[in-house]
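In: sequence first, predicted coordinates after that:
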There are 2 protein chains.
Amino acid sequence: MKRPTIADIAQRAGVSKGAVSYALNGQPGVSEATRQRIVAIAREIGFNPNSAARALSGATAKAVGLTLCRPARILSIEPFFMGLISGFEAELAARSYALTLQVVATPEHEIEVYRRWWGERRVDGVFVSDLRENDVRIAVLQELQLPAVVIGGPGNTGTIAQIWSDDAGAVTEAVRYLVALGHRRIARVGGLPDLLHTQTRTRAFNEVCASLGIDNAVTVPSDYTGEEGGRATRRLLIGADRPTAIIFDNDVMAVAGLAVAQEMGLNVPADLSIVAWDDSPLCSLVHPPLTALSRDISEYGAHAARQLLAAVAGERVTNAEAGTAHLTPRGSTAPPRQP
Amino acid sequence: MKRPTIADIAQRAGVSKGAVSYALNGQPGVSEATRQRIVAIAREIGFNPNSAARALSGATAKAVGLTLCRPARILSIEPFFMGLISGFEAELAARSYALTLQVVATPEHEIEVYRRWWGERRVDGVFVSDLRENDVRIAVLQELQLPAVVIGGPGNTGTIAQIWSDDAGAVTEAVRYLVALGHRRIARVGGLPDLLHTQTRTRAFNEVCASLGIDNAVTVPSDYTGEEGGRATRRLLIGADRPTAIIFDNDVMAVAGLAVAQEMGLNVPADLSIVAWDDSPLCSLVHPPLTALSRDISEYGAHAARQLLAAVAGERVTNAEAGTAHLTPRGSTAPPRQP
DNA sequence: AGAACTTACTGAACCGGATAAGTGACGTGA
DNA sequence: TCACGTCACTTATCCGGTTCAGTAAGTTCT
């Protein structure tokens, strides 16, 4: 089956290719009557502009890219990225932008992919996640002048806009809540320590604990996987000064932590309170359902997509905070059992 | 920064554009010495062929598409698709193919996306998942002659190749195992009932139960979400003839079922054995860890990608079974408590 | 030695849109 | 009435690759 082109439409309408192009793109240069006739024909024969031809003649590729830099076994279970992608799509689909995905192994590999996408003119812009300190990707994106939006921050990203959620505010709320419940020994199982938002959370966690007189507030670094999260939890629970509450940096680790506590015969929440970060359906799935720091990840993604499309359109995009995760108390938090 | 083109290379090497194209594509028509000189220059200046130009001159778009037809709240937590995508990527990245993703709401919307992708020449082929009976998408793909691979089956897909895993064999193994443990009252919480592989599983489940003398083998239809899976489990557990074992069609529902059992004061596995389908990290995360029907979803995806790339290359691709999920016993299954 | 063939290229057309420049018809004002 | 401007187009060029049809050398065969 042959794809219809503007030449086909031009022939049918008895006009030139140029006229068809003007008509379909809402450009001046054709009369309203002709435009409507052309649009009607285009619809009738099911015309879709060849994206390659369009991209080649200097217009945009109508596609944006996302690289995922996590091992497959984490990606499959980590709900965050799929939520983000759903959010992207809501905005992208509405403007007929495609999303191009690539799973990469390392930030260096990621840079290669950016260079290739740029050289191939495959994407008009990219989403960048997992911002690090002095992130090497930023310089490359600026050198290529590839429009981008950084998801996570705030950090130093030069002219590239960022969008982040208020991690410090969220962790502060969680700690205050636990302290209000009567907890004095609070620990945290953190995400990958070299990610900027992990550092933000750690700093805020330490500050709020200090300000509330919680001295031995400890953060155990982890990597977002269930295995590591479970191990970290076990290490915390066999220590001398066992915490009565643990905040986890994602929900997968929180679920793993819950399983470890149960396996050790601890009652959640009586013996141990658990707070999860990011409130995917996972949190309400387990027993007891997990108290979580909820944020609308889909909306977070949609916001980022709007930013990126604006950047692609050449608008100046400013950094934005996408709101604070708020605490959703469920069955996994309670006052600590009196010793 | 200007993107280097073959014209730049041609000028540097003192040859014509055509020679450069032949050299870089491994076509005959240039001497080995010239080829190496050209390749060296291309590497030096960081040349990447403009994908739009390449696609426009009749070659392939070097991209394949995947549509995801599930609500965002399911996608975010369902590990299956991310596992599949990781598997795709392993093959696609090796051959510099891009993966274009689109989240859709309905099969009709999905068809629209296929038509648009085809018209735009955006993709060379597509992955099709969630095969239904008399699936409307198949006819459209055949009409468009858009190369495709169906993931799931077997079913009637005409000239379009399928790849599936042996669902019947897997459910048979699970039921035999439970019966060997001493279970006589076995239920199943199924996936979306109009999906072909759900029907395959249901048929096989009924058959093996009948052959083993399990009369009241019941399948409760569900939709792969934790909420529905939990509700279905609750309905089964409050019935008069409570099952002693339940097989779930995915791991998310199994985890939700476990939570429901625990919330009802039942001990897993003593009072209720649980078998999950698809063994994502989720299964070993909860307590007790779930016995699961494991299959290598990444490899499944990689296999599908190889098939699709072959189909894109014009090879005749035959249907293939990608292996049977095998039972991985963990802590959620045991002989039933004697009444 | 000359025809026939191979090798290693060159030049130009082509893909399907976007767009700048050109053109003829018509209306308008002095 | 004629210069001028505007409208509604047409024509031609461009984007950056691929590929087909030459073509000028060198090689082989008789």
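Out: Now that the structure is in, tell me what you want to look at.

In: so which strand or helix has A:Leu309?
Out: Assigned by DSSP states H and E, A:Leu309 falls within helix A:297-312.

In: is that helix in proximity to DNA strand C?
Out: No: judged by CB under 7 Å from any atom of the strand, helix A:297-312 stays clear of DNA strand C, getting no closer than 14.6 Å. Just so you know, the C-beta spots here come from the backbone N, C-alpha and C atoms, and that holds for glycine as well.

In: if you count contacts, what does the next helix or strand after that helix end up packed against?
Out: Proceeding N to C from helix A:297-312, the next assigned helix or strand is strand A:320-321, under DSSP H and E. Applying 3 or more CB pairs under 8 Å, 6 or more residues apart in numbering or on different chains; DSSP states H and E, we find strand A:320-321 packed against strand A:161-164.

In: so what strands line up beside the strand it packs on?
Out: Here strand A:161-164 is paired, per DSSP bridges, with strand A:148-151 (parallel), strand A:320-321 (parallel).

In: least confident of those strands, on average?
Out: Per-stretch mean pLDDT for these is lowest at strand A:320-321 (a mean of 90).

In: where in chain A is pLDDT low?
Out: Residue ranges of chain A with pLDDT under 70: A:1, A:339.

In: grab the most central residue of it for me.
Out: Against the mean C-alpha coordinate of chain A, by CA atoms, centre = their mean, the closest residue is A:Leu84 at 4.5 Å.

In: look up how far DNA strand C lies from that residue.
Out: Between A:Leu84 and DNA strand C the computed distance is 30 Å (CB to the nearest atom of the strand, to the nearest Å).

In: hang on, that residue packs against A:Arg295?
Out: No: the criterion here is CB atoms under 8 Å, and A:Leu84 misses it with A:Arg295 at 11.2 Å.

In: ok so, going back, in the helix holding A:Leu309, what's buried?
Out: Neighbour-count burial for helix A:297-312 flags A:297-298, A:300-312 (criterion: 16 or more other CB atoms under 10 Å in any protein chain shown).

In: among the residues you listed, which are within reach of chain B?
Out: A:297-298 (CB under 8 Å from any CB of the partner chain).

In: so which of the buried residues of helix A:297-312 is the closest to B:Thr100?
Out: A:Ala305 (15.4 Å; CB to CB).

In: what's near enough to touch the closest one?
Out: If you count contacts by CB atoms under 8 Å, 6 or more residues apart in numbering or on different chains, A:Ala305 has them with A:64, A:87-88, A:90-92, A:127.

In: one step back: and the gap between the residue nearest to the residue nearest to the centre of chain A when sequence neighbours are not counted and A:Ile151?
Out: With sequence-adjacent residues excluded and distances taken as CB to CB, 6 or more residues apart in numbering or on different chains, A:Leu84 is closest to A:Gly301, at 4.1 Å. Computed as CB to CB, to the nearest Å, the A:Gly301 to A:Ile151 distance reads 8 Å.

In: what of A:Pro281?
Out: Distance of A:Pro281 to A:Ile151, computed by CB to CB: 21 Å.

In: quick one, which of these two is more surrounded?
Out: Higher neighbour count among A:Pro281 and A:Ile151: A:Ile151, with 25 against 19, using other CB atoms under 10 Å in any protein chain shown.

In: number of nearby residues for the closest residue to A:Arg70 other than its chain neighbours?
Out: Nearest in space to A:Arg70, with sequence neighbours left out and distances taken as CB to CB, 6+ apart, is A:Glu78 at 6.8 Å. The tally of other residues near A:Glu78 (other CB under 10 Å) stands at 25.

In: from the buried residues of helix A:297-312, which single one is nearest chain B?
Out: Nearest to chain B out of the buried residues of helix A:297-312 is A:Ser298 (CB to the nearest CB; 5.6 Å).

In: report the contact partners of the nearest residue to the closest one once chain neighbours are set aside.
Out: Closest residue in space to A:Ser298, ignoring its immediate chain neighbours: A:Gly87 at 3.9 Å, by CB to CB, 6+ apart. Residues near A:Gly87 by CB under 8 Å, 6+ apart: A:297-305, B:72.

In: what's the answer for A:Ala254, then?
Out: A:229, A:248, A:274-277, A:283, A:290, A:292 are the contacts of A:Ala254 under CB under 8 Å, 6+ apart.

In: PyMOL command for the buried members of the residues you listed?
Out: Buried residues within the contacts of A:Ala254, by 16+ other CB under 10 Å, are selected in PyMOL with:
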select buried, chain A and resi 229+248+274+275+276+277+283+290+292
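
In: of the contacts of A:Ala254, just say which sits nearest to DNA strand C.
Out: A:Trp277 (44.4 Å; CB to the nearest atom of the strand).

In: hang on, A:Glu78 packs against A:Gly226?
Out: No: applying CB under 8 Å, one finds A:Glu78 not in contact with A:Gly226, separated by 9.8 Å.

In: return every residue with contacts to both of these two.
Out: Each of A:Val252 lies in contact with both A:Glu78 and A:Gly226 under the rule CB under 8 Å, 6+ apart.

In: what segments of the stretch 1-150 of chain A are helices?
Out: Along the stretch 1-150 of chain A, the stretches classed as helices by DSSP state H, counting those that start in this stretch are A:6-13, A:17-24, A:32-44, A:51-56, A:72-75, A:79-94, A:107-120, A:136-144.

In: ok, now how distant is A:Ile246 from B:Gln142?
Out: With the distance defined as CB to CB, A:Ile246 ends up 55 Å from B:Gln142.

In: close to chain B: what parts of the stretch 151-300 of chain A are there?
Out: Counting by CB under 8 Å from any CB, the residues of the stretch 151-300 of chain A close to chain B are A:225-227, A:230, A:252, A:255-256, A:258-260, A:262-263, A:280-282, A:284-287, A:289, A:297-298.

In: give the buried subset of those as a ChimeraX selection command.
Out: Per 16+ other CB under 10 Å, the buried members of those correspond to this ChimeraX selection:
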select /A:225,226,227,230,252,255,256,258,259,260,262,280,281,282,284,285,286,287,289,297,298
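
In: any idea how far the residue nearest to A:Arg70 is from B:Glu227?
Out: Here the criterion is CB to CB. By it, A:Glu78 lies 20 Å from B:Glu227.

In: list the residues that contact the residue nearest to the centre of chain A.
Out: Counting by CB under 8 Å, 6+ apart, A:Leu84 makes contact with A:129, A:151, A:297-298, A:300-301, A:304.

In: and A:Thr157, what does it touch?
Out: By CB under 8 Å, 6+ apart, the neighbours of A:Thr157 are A:131, A:135, A:138, A:150.

In: ok, and the most crowded of these?
Out: A:Val150 leads the contacts of A:Thr157 on contacts (other CB under 10 Å) with 27 neighbours.

In: what residues are bridge-paired with it?
Out: Beta-bridge pairing for A:Val150 (DSSP bridges): A:Val128, A:Gln162.

In: isn't it right next to A:Gly158, touching?
Out: No: A:Val150 lies out of contact with A:Gly158 (CB under 8 Å); the separation is 10.2 Å.
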